[in-house]
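Colleague: The following block contains a protein sequence and its predicted model.
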Amino acid sequence: MIAPLSYYLILSAVLFSIGVVGVLVRRNPLVMFMSIELMLNAANLTFVAFSRYFNTIQGQIVVFFILTIAAAEVVVGLAIIVSIFRSKATIDVDQVASLKG
Amino acid sequence: MAPAQVDFVPLIPTIVVTVTALAVLLLGLWLRGEQGIWLAAVSIAGLVAALVFLLGLAGPAVSERRAAFDGMIVADNLSTFFGAVALVIAILTILLSEHVLLIERFSQGEYYALVLLTTVGMLVLTAATDLIVLILGLEILSISLYVLTGFARGRLGSEEAALKYFLLGAFALGFLVYGSALVYGATGTTTFGQIANVLRAPGASSPLLLIGLGLLLVGFGFKLSFVPFHMWTPDVYEGAPSAVTGFMAVGTKAAVFGSLLRILTEAFPALRAEWAAVLWLLAILTMILGNFAAIAQRNVKRMLAYSSIAQAGYIVLAVIAADPLGRAGVMFYVLAYTFMNLGAFAVVVAVADRGDVGTTLDHYVGLARRSPILALAMGVFMLSLAGVPPTAGFMAKLFVFTAAVRAGYVDLAIIGVLTSAVATFYYLRVIVAMYMSAPAEEPAPAPALRVPGPLLALLVIALVATFGLGIFPAVTGDLVGGTLALAK
Amino acid sequence: MNADSYVAIAFWILAIGMVLAAYAVVALPRIIHSALALVLFFFQIAGLYVLLRAEFIAAVQVIIYVGAVTVLFLFAIMLTNRSYAPDSNPANRQWIAAGVVSLGLLGTLLATLGRQTWPTGGQVPANATVLLGQLMLGPFILPFEIAAILLLVAMVGAIVIARES
């Protein structure tokens, strides 16, 4: 008998929460973005786990599209982060707050 | 594996706008500087063509739904209306930014292409009846807006705004995707129609489904900047170029509200009590905090950011109502908001001028003398945003409050009216600055502001629409479908 | 030690490893270590996909996430050269609020996921990869085409932003 479904779901819930903590706590945009990748992967794991226990392939197809979206986000996100670094030495989100009203 | 029920008719407007975007992207290689006007012309031509297809297609579709691709996308009253609004927003944005691109020397080809691709995202988002297609459409819309926000690469504020908008958008994406995963787990499907069928069985709503819906609402909350998810909005609105801020404020509101309305009424009608309670709380927080925070703002763009948060709070009232009157209320409010807010941003763009610097209240002091047209237009838009009678803003607020009261949410309507009263203060403050207060020391007579042609056209359209919708709201009768219901 | 216990052992090794790797991504002071922890995390998720009989997804996960995404991260880290410094990963002060939000979220998730009764996994269709391909170009042709537009937007966007004016 393979590991029951609730193990996978609890594992992805823990990973999702770690991702949320990472985004809220960290100030370096790269680490915040890595934490967002953690959240997306937790969602992928949930999709594949449900798809396995529903004996369908539909859940796995959704994971493909989430991978595409994550790739598109990484491309644009890192372009923004790097372009900001070119015009400013630090990329610490709080110091980047020259906009604060 | 039966091939999908392939029916490209509901997709024609989306295809037309995508092809136009590609054409503009290519043409941008040759047409530079002054010839950029042709890029704007091609873009507007494509958008008008898409609008004609959409409304032409809408003839039969408005009455009956026309689902396609196994129910993943649909052409019905909702998608036609919000699609038309998205196309109109794009046309007005091109008029708004045509002059800005010249003086700021932005690369026009990419700018127009990204505006068109954002519109593609809006069209897909409002027609999506499947969680995957919804998230994909939302991502096309968001990614092109992140790039547009960071378009003024010379200015640090613009890049920082893009970074903040990107991080918050990706964070919201995480919630949306995880929420969809839990909803998929609870119902076994991601298509709205099938979710509703599964939920029709008694006892089908499990706690897992509630959490999934909750996480989806968090994702929507970030995108619509409801309070407590609104922290990013003022900084991004202030940092982005003013033309992009106007497009973002109006575009995302219209498309995401259309999609929120659809998912709540079509996929989760069985959970109405639960999501109405959550939205009830979010509406109160958003209306109160949005308006009170706006009072403290000296920068007009930041004030308009908080104003757009507060206006989203009013639209949520009609989403909560969710009956035909509520749907009509959301549609009408979004339409009215489009014109008055884009009009206000047209004036902001004209006053800010080169370098997008003139955006604090002091730049509006004595505007009446420098440019009577701009002052008059801004005055009308501020009154309309405040909800003063003859304007579309008043009719929209009346619509939304009536829908809320009829659905039994009298408390929301009362809070709405009270916060609107508070709102008139910071809207009127702009008018006072423009007309009443003379500049303290009398500098050399301030140069009269020259209003470029396309911007003037946008102002005229917005003014006509603001008064038109205000005086005869029934003009949108058939498309909005419920306006006349208001009279009953 | 029959097959099932091997599967259980593999699951626990991967699960604990993943939680530690995820914690490392968030907690390590140097951002270069976070990126390496992320690589480890993606590999372990691919391992779990194999356990869930989604071998093709595991392969795609390794190629896309480990191959492309983390490489882009490492490029970004190299280009923002202060990332070797020990304080390159400062925490902000609102860790209390963050803790409350995520513990609340985790609590509600665990409460519901724990109590729910789940179907026991049946037999996975043998030719999953073939079905995957047919499904992608069959009922899911629409998201497939829209994802193409999304990738176009990402490319145009990245070029516009990263281009030397």
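Modeller: Structure received. Numbering: from 1, shown residues only, chains lettered A, B, ... in the order given.
Colleague: Poorly predicted segments of chain A, please.
Modeller: A:1-2, A:88-101 (pLDDT under 70).
Colleague: which residues of it fall in helices?
Modeller: A:5-25, A:29-53, A:58-87 (DSSP state H).
Colleague: do the same with chain C
Modeller: C:3-27, C:31-51, C:55-61, C:70-79, C:95-115, C:128-137, C:141-162.
Colleague: Turn the ones you listed into CSV, columns for mean pLDDT, mean neighbour count and distance to chain B.
Modeller: Any C-beta I mention is one placed from the backbone N, CA and C, and that applies to glycine too. Shown next, in CSV, are the helices of chain C (pLDDT from 0 to 100; neighbours: other Cβ atoms under 10 Å in any protein chain shown; distance: least, Cβ to the nearest Cβ, whole Å):
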stretch, mean pLDDT, mean neighbour count, distance to chain B
helix C:3-27, 90, 17, 13
helix C:31-51, 93, 21, 14
helix C:55-61, 92, 19, 14
helix C:70-79, 90, 18, 12
helix C:95-115, 79, 15, 4
helix C:128-137, 86, 16, 4
helix C:141-162, 92, 21, 4
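Colleague: For B:R429, what are phi and psi?
Modeller: phi -60, psi -30 (degrees, to the nearest 10).
Colleague: Can you check the pLDDT for it?
Modeller: You'll see B:R429 listed with a pLDDT of 88.
Colleague: Show the contacting residues for it.
Modeller: Neighbouring residues of B:R429 by Cβ atoms under 8 Å, 6 or more residues apart in numbering or on different chains: B:L361.
Colleague: In space, what's closest to A:A13 - neighbours in sequence excluded?
Modeller: C:L109 (3.9 Å; Cβ to Cβ, 6 or more residues apart in numbering or on different chains).
Colleague: if I read this right, the one you found contacts A:V20, doesn't it?
Modeller: No - using Cβ atoms under 8 Å, C:L109 makes no contact with A:V20, being 10.8 Å away.
Colleague: Highest mean neighbour count out of the helices of chain A?
Modeller: helix A:29-53 (a mean of 26; mean count of other Cβ atoms under 10 Å in any protein chain shown).
Colleague: Just say helix, strand or coil for the residue lying closest to B:L304 once chain neighbours are set aside.
Modeller: Leaving aside its sequence neighbours, B:L304 sits nearest to B:A344 (Cβ to Cβ, 6+ apart; 6.3 Å). For B:A344, the assignment made with DSSP: H, G, I helix; E, B strand; the rest coil gives helix.
Colleague: what about B:A344, how many neighbours?
Modeller: Neighbourhood size, B:A344 [other Cβ atoms under 10 Å in any protein chain shown]: 25.
Colleague: Now do the contacts for it.
Modeller: Contacts of B:A344 (Cβ under 8 Å, 6+ apart): B:246, B:304, B:378, B:381-382, B:385.
Colleague: try B:I37
Modeller: B:E98.
Colleague: Please tell me how far it sits from chain A.
Modeller: Applying Cβ to the nearest Cβ, to the nearest Å, the value for B:I37 to chain A is 29 Å.
Colleague: Fine, thanks again, bye for now.
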